[in-house]
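Engineer: structure for this input, please:
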Amino acid sequence: MEYCPDGRRGDVNLIRNYLKARAVIGLQRHQNYVIADLILS
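Structural biologist: Okay, the predicted model is just below:
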């Protein structure tokens, strides 16, 4: 991990990665719901 004199940039990257991970998990959950709906209907 490279050192950044401007400490805020690292935080922004962390937040961006966190949001990206949340989005991926949300998409997977959404897909599971859609699949369950298709199976149950």
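
Engineer: can you count the residues close to Gly10?
Structural biologist: The burial metric for Gly10, expressed as a neighbour count using other CB atoms under 10 Å, is 13. Any C-beta I mention is one placed from the backbone N, CA and C, and that applies to glycine too.

Engineer: ah, wrong one, I meant Leu19
Structural biologist: Applying other CB under 10 Å, we find 10 residues neighbouring Leu19.

Engineer: list the residues that contact it.
Structural biologist: For Leu19, no residue counts as a contact, taking CB atoms under 8 Å, 6 or more residues apart in numbering as the criterion.

Engineer: can you point out the buried residues in the helix or strand hosting Ala21?
Structural biologist: When secondary structure is defined by DSSP states H and E, Ala21 falls within helix 7-40. Counting neighbours by 16 or more other CB atoms under 10 Å, one finds that helix 7-40 has no buried residues.

Engineer: going forward can the numbers begin at 770, since that is how I track them
Structural biologist: All set: I'll call the first residue 770, so the last point we hit is now helix 776-809.

Engineer: ok now it, how far from the chain's centre?
Structural biologist: 3 Å (CA atoms, centre = their mean, to the nearest Å).

Engineer: where does the protein dip in pLDDT?
Structural biologist: Along the chain, the parts satisfying pLDDT under 70 run over 770-777.

Engineer: and with 80 instead?
Structural biologist: In the predicted model of the chain, residues 770-779, 810 satisfy pLDDT under 80.

Engineer: Arg791 versus His799, what's the distance?
Structural biologist: His799 sits 12 Å away from Arg791 when distances are taken as CB to CB, to the nearest Å.

Engineer: next: Gly779.
Structural biologist: Noted for Gly779: a distance of 19 Å to Arg791, by CB to CB.

Engineer: got it, and Ala805?
Structural biologist: 21 Å.
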